[in-house]
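Visitor: Return a 3D structure for these sequence lines:
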Amino acid sequence: MQDAELIFENGQVLTMVPGAPPAQAVALAQGRVLATGSNAGVARTRGPGTQVVDLAGRTLVPGLIDAHAHMEREGLKTLRPSLAHARNIADVLAVVAAEAARLPRGAWIVTMPVGQPPFYFGGPSNLAEGRMPDRHELDAVAPDHLVYIPGLFGNWGVPPGHSALNSRALALHRIDDTTCPDCSGLQIELGPDGQPNGVIVETNKRPLVEFSVLTQVPAFGFDDRLEGLRRSLPLYHACGTTSIYEGHGSSPETIAVYRRLWEEGGLTMRTRLCVSPTWSNVTEARLAMRDWLSHARGRGTGDTMLSVSGVYIGLGGDKAAASAVRRALPNTGWMGFVEWANRIEDFSDYAWLAAEHDLRVHSVVVDRLAEVLDVFEAIDARFPLAGRRWVVEHVGHVTAQDIARVKRLGLMVTSIPFYMLWKNGAARLADEARHGSFLPQRDLLEAGLPLAAGSDNIPVSLFTAVWASVARQERTTGRVIGPAQSLDRLQALQTVTRNGAFLSFEEDRKGTLAPGHWADIAVLNADPLGVPVDELAHIRAELTLVGGRVVHGQPPTDRISLPSS
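Guide: I've put the predicted structure just below:
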């Protein structure tokens, strides 16, 4: 047998191979799993040059696969001054004043939102005054700069978001008491003098204020996004994530950013993207699919670290919002994808075109799965979908009939349990009769579907998804939504390891620690099968490897022991 380059021993190795019991050790060679099993069995692969890591009882799992990551966002948050520490308006103004002292006159000062990351719940209610600073207060500390404190990105927390600008920023955008935004969900507050006081309140889930009335605020440029992506990688690796699947779609610029980092050799995350299209009608879509998206057909194009396959087709959305975002391209703000506004008839037209051109369809369905399945079943009669693995994402309400249809069509299903159950579950409490069919993870798994789970960047750790899949608690009352759909811990781990590999046709290469699979590994700081339930969400990786290469933690050297927890 080939000698191992690296052996992990004396641990709990969850191979995630169906039916396999926990092992004690795993051997790696040439970036792949060589063997798993008992300490004695794996020791037979040891040679004179083998490095050995004593796990000292720690748990080792396959690298986690985030089925809905929005990874590029996380690092962007570090490019702007944080207000997380702010407890009053004076704290906010101190940050603005420090930036004014640092930046040249006339420059923009743009911060992160008021509130506590990663959710920014409450916004200005976190401040002692219970409000945002007004333009006069901002003018006092930065009279020669343009100041913008953005509201939260609604996907992180819960709208409304509260933005604040100083007088120079208001004047640049010609905002006065007659300003009427071209997108709904925006309110420009007026002061006692009847003029804007600098505060804009937005109730849209995905903020559109910068695409409608604040179009001169500096957008994230290509270099910003590239640096943000570089900073995102270690944050995801620190949670044990080794692969991502961006089924929500990536804009052309987002794909270009990933490509640049890949070309530089800096992409340490196995990244699977699909195209978020810029077309506005069926005519444009037909030309794009026919002439420009050949690289995304079928299983797509790429290598072990970066590939692109298929297109995202949205359902629903706001027409004015979609138009505003398209006018601002390549800027997509925090989204990273292109907004859409599709009736079910539009969705059907695009999906038919995608089938004709062998492009996998991805779509966020939430509670509209039955409508989407009607479209897919009609398409299936002309272009059989079996084996194409089209993806329905972010599922919400799902009936037994839906599950049978999904299985018959060979669709992949992704879930965002922390977002749907904990963060936004309060909206479902009143509909108690349907709790058992809301995000029915157990039913989906027991039907034999490889249900995968994602973080949605809210927050980055997939162990929050593991916790939510087990606990199913919503945050405002602590009530459990659909307890019969709770997963056991091994099932929850399955949704963030081996099942995610099916999304990219890579179940024979990753997701389990089977011999020959990629050596994508996470050594955890706690046992996910044994810690108290509430501690599941806080598990992190002490060591993360992608293809046998250390991407988080200290590299093994000769025979070592990991640091004590």
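
Visitor: Domain-wise, how is this structure divided?
Guide: 1-57+513-565, 88-212, 222-505 (automatic domain parsing).

Visitor: Just name the shakiest helix or strand of the protein by mean pLDDT.
Guide: strand 559-561 (a mean of 46; mean pLDDT, DSSP states H and E).

Visitor: hmm, back to that, with mean neighbour count and distance to Ala69 as extra columns, can I get the domains of the chain in JSON lines?
Guide: The way it works is simple: take the backbone N, C-alpha and C, and place the C-beta from them, glycine included. Output for the domains of the chain, formatted as JSON lines (neighbours: other Cβ atoms under 10 Å; distance: least, Cβ to Cβ, whole Å):
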{"stretch": "domain 1-57+513-565", "mean neighbour count": "18", "distance to Ala69": "15"}
{"stretch": "domain 88-212", "mean neighbour count": "19", "distance to Ala69": "13"}
{"stretch": "domain 222-505", "mean neighbour count": "20", "distance to Ala69": "4"}
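
Visitor: need these in JSON lines with distance to Pro81, can you?
Guide: Output for these, formatted as JSON lines (distance: least, Cβ to Cβ, whole Å):
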{"stretch": "domain 1-57+513-565", "distance to Pro81": "26"}
{"stretch": "domain 88-212", "distance to Pro81": "5"}
{"stretch": "domain 222-505", "distance to Pro81": "14"}
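
Visitor: which non-adjacent residue is nearest the residue positioned nearest the centre of the chain?
Guide: Geometric centre of the chain, nearest residue: Ala69, 2.3 Å, by Cα atoms, centre = their mean. Leaving aside its sequence neighbours, Ala69 sits nearest to Ile244 (Cβ to Cβ, 6 or more residues apart in numbering; 3.9 Å).

Visitor: what separates the residue nearest to the centre of the chain from Tyr258, distance-wise?
Guide: As for Ala69, its distance to Tyr258 is 12 Å (criterion: Cβ to Cβ, to the nearest Å).

Visitor: what sits in contact with each of the two?
Guide: Common contact partners of Ala69 and Tyr258 (Cβ atoms under 8 Å, 6 or more residues apart in numbering): none.

Visitor: And the nearest residue to Ala400 once chain neighbours are set aside, how close does it get to Leu34?
Guide: Counting by Cβ to Cβ, 6+ apart, Asp443 is the residue found nearest to Ala400 once chain neighbours are left out, at 7.0 Å. The gap separating Asp443 from Leu34 is 37 Å, by Cβ to Cβ.

Visitor: do Ala20 as well
Guide: 16 Å.

Visitor: can you check Ala447 too?
Guide: 34 Å.

Visitor: same question, Leu103
Guide: 54 Å.

Visitor: ok now do Ile521, which residues does it touch?
Guide: 8, 26, 28, 60-63, 242, 513, 543-545.

Visitor: Show me what whichever strand in the chain runs longest is packed up against.
Guide: If you go by DSSP state E, the chain has its longest strand at strand 241-250. With contacts taken as 3 or more Cβ pairs under 8 Å, 6 or more residues apart in numbering; DSSP states H and E, strand 241-250 sits against strand 64-66, strand 270-275, strand 306-312, strand 361-366, strand 391-395, helix 498-501, strand 521-524, strand 541-546.

Visitor: would you turn those into CSV with mean pLDDT?
Guide: Shown next, in CSV, are the helices and strands packed on strand 241-250 (pLDDT from 0 to 100):
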stretch, mean pLDDT
strand 64-66, 98
strand 270-275, 98
strand 306-312, 98
strand 361-366, 97
strand 391-395, 97
helix 498-501, 98
strand 521-524, 98
strand 541-546, 98
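
Visitor: wait, which of the ones you listed is closest to Val531?
Guide: strand 521-524 (9.7 Å; Cβ to Cβ).

Visitor: Quickly run through the sheet partners of the closest one, with directions.
Guide: Strand pairing for strand 521-524, using DSSP bridges, gives strand 59-62 (antiparallel), strand 541-546 (antiparallel).

Visitor: roughly how far is the last one from the heart of the chain?
Guide: What it means is strand 541-546. 19 Å (Cα atoms, centre = their mean, to the nearest Å).

Visitor: try the shortest one
Guide: Strand 59-62 sits 22 Å away from the centroid of its parent chain (Cα atoms, centre = their mean).

Visitor: Give the rounded mean pLDDT of it.
Guide: The average pLDDT within strand 59-62 is 98.

Visitor: What are the contacting residues of it?
Guide: Counting by Cβ under 8 Å, 6+ apart, 8, 11-16, 26, 240, 493, 497-498, 510-513, 517, 520-524, 526-529 sit against strand 59-62.

Visitor: what's the answer for the last one, then?
Guide: Applying Cβ under 8 Å, 6+ apart, the external contacts of strand 541-546 come out as 28, 58, 63, 237-242, 268-270, 518-525, 550-554, 562-563, 565.

Visitor: For the stretch 401-550 of the chain, which segments are assigned as helices?
Guide: Applying DSSP state H, counting those that start in this stretch to the stretch 401-550 of the chain gives helices spanning 417, 441-446, 463-471, 489-495, 498-501.

Visitor: How about residues contacting the last one?
Guide: Contacts with helix 498-501, where a contact means Cβ under 8 Å, 6+ apart, come from 16-18, 62, 64-67, 243, 245, 450-453, 507, 509-512.

Visitor: measure the residue lying farthest from the centre of the chain to Arg135 for me?
Guide: The outermost residue of the chain, judged against the average C-alpha position, is Asp193 (43.4 Å), by Cα atoms, centre = their mean. Separation of Asp193 from Arg135 (Cβ to Cβ) stands at 11 Å.
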